[in-house]
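>>> pasting the structure only:
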Ligand SMILES: CC(C)=CCC/C(C)=C/CC/C(C)=C/COP(=O)(O)OP(=O)(O)O
Ligand SMILES: [Zn+2]
């Protein structure tokens, strides 16, 4: 079969469109507008397309992102911290303790920080003390993190976001790192991969969160000895089916797992164990050659998340046209280097 064509300019246009204008069906997802910005800007950065944005356009985005930052006050000092997903969520509900509805969460805060770094902002307007105190207040006694003050749910996704926030802000002193590592270790299953919580099914997404978290803490070898690393590598490599990657056994492949599992293997130094060409073909076959963008599979339409993560996956396996990414932070190497420079 002929190798599908890769059209970087078309994908840049897809992201430019999704940054400026979305179909009306997207209105219901307005509470998480920030995620579209995150995937669009990281995706454009991988494509080398950030230069097409004017300085004023970038400044406007940075100012909008800072508007999503909650300011702590004495009524609710802890949960008024971090970033919300959109300006429109403010008036959705009135919390008796707050003058505004506090819908910040660690995923939005992580993405907000990534957007700011990607656009060259030096994070000087981030209320670091409040953000770090807020993240610490979400850590439970078992070491896990909740997503925000309002919701009880805790799993490895919010562990990863919390640790990435601490890594970006260069301060893990407010959280209990040992307990976090213990929790991650408890999510390791007999089959060689990680579930979202102890005793839950192994999954590519949660496995990425575990490995990226441990990598950010420089603690991979604390949880995974040689034997465990070997079975994890085997589990991850075996998720490649029909060229692409599935999230767990007996499921269909989906382009986003070329990132979740590709990044996991990249962090472990084991990417050479996969069939890169077949993976590249799978991902490229899910590109829309008319509108640009990538979908999760042949039966779906493109979306910003799968487009960004497809490009991340292609970048990891070494596509010459794409800028390299930092697999643990999921921003470009360029942006990660800039971050170390401003820290
Ligand atoms: C930092 C952060 C937010 C990380 C998220 C990591 C994560 C859990 C990724 C997986 C996302 C995904 C495609 C879920 C679908 O589950 P499904 O059960 O519908 O799909 P499946 O059939 O492919 O398993
Ligand atoms: Zn997916």
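Received the coordinates, thanks. All values reported here derive from a predicted model rather than from experimental measurement. Ligands and ions are numbered 1, 2, ... in the order given.

>>> my read: residue 293 touches residue 303, true?
Yes. Counting by Cβ atoms under 8 Å, residue 303 is a contact partner of residue 293 at 7.2 Å. Every C-beta, even on glycine, is put in place using the N, C-alpha and C of the backbone.

>>> what sits against the closest residue to ligand 1 within the chain?
The chain approaches ligand 1 most closely through residue 205 (2.3 Å), counting by Cβ to the nearest ligand atom. Applying Cβ atoms under 8 Å, 6 or more residues apart in numbering, we find residue 205 in contact with 157, 196, 247, 260.

>>> strands of this structure, start to end?
With DSSP state E as the criterion, the chain has strands at 240-241, 244-245, 325-326, 331-332.

>>> can you give the distance of the helix or strand bottoming out on mean pLDDT in the chain from its chain's centre?
When each helix and strand of the chain is scored by mean pLDDT, DSSP states H and E, helix 128-137 comes last, with a mean of 92. Mean C-alpha position of helix 128-137 versus that of the full chain (Cα atoms, centre = their mean, to the nearest Å) differs by 20 Å.

>>> counting by contacts, list what that helix packs against.
Based on contacts counted as 3 or more Cβ pairs under 8 Å, 6 or more residues apart in numbering; DSSP states H and E, the elements that helix 128-137 packs against are helix 106-118, helix 156-168.

>>> just to revisit the earlier point, for the contacts of residue 205, give me TSV that also has neighbour count and distance to ligand 2.
What follows is the contacts of residue 205, written out as TSV (neighbours: other Cβ atoms under 10 Å; distance: Cβ to the ion, whole Å):
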residue	neighbour count	distance to ligand 2
157	19	14
196	22	16
247	21	8
260	25	8
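
>>> which ones among those residues map onto helices?
Residues from those lying in helices, with DSSP state H as the criterion: 157, 260.

>>> what's the closest of the contacts of residue 205 to residue 44?
Closest approach between the contacts of residue 205 and residue 44, by Cβ to Cβ: residue 260, at 20.8 Å.

>>> for the closest one, what are its contacts?
Contacts of residue 260 by Cβ under 8 Å, 6+ apart are 204-205, 207-208, 245, 247, 309.

>>> do residue 284 as well
With contacts taken as Cβ under 8 Å, 6+ apart, residue 284 has the following neighbours: 3-6, 314.

>>> just those residues: which has the poorest pLDDT?
Lowest-confidence member of the contacts of residue 284: residue 3, scoring 75 (pLDDT).

>>> nearest spatial neighbour of it, chain-adjacent residues omitted?
If you skip the residues right next to it in sequence, residue 3 has residue 281 as its closest partner in space, 6.3 Å away by Cβ to Cβ, 6 or more residues apart in numbering.

>>> run a quick neighbour tally on that neighbour.
The local packing of residue 281 (other Cβ atoms under 10 Å) involves 18 other residues.

>>> and for residue 304?
For residue 304, using other Cβ under 10 Å, the count is 23.

>>> so what pLDDT did it get?
On the pLDDT scale, residue 304 gets 94.

>>> re the thing from before, in JSON lines, list the helices and strands packed on helix 128-137 along with mean pLDDT.
Compiled in JSON lines, the helices and strands packed on helix 128-137 are given as follows (pLDDT from 0 to 100):
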{"stretch": "helix 106-118", "mean pLDDT": "97"}
{"stretch": "helix 156-168", "mean pLDDT": "98"}
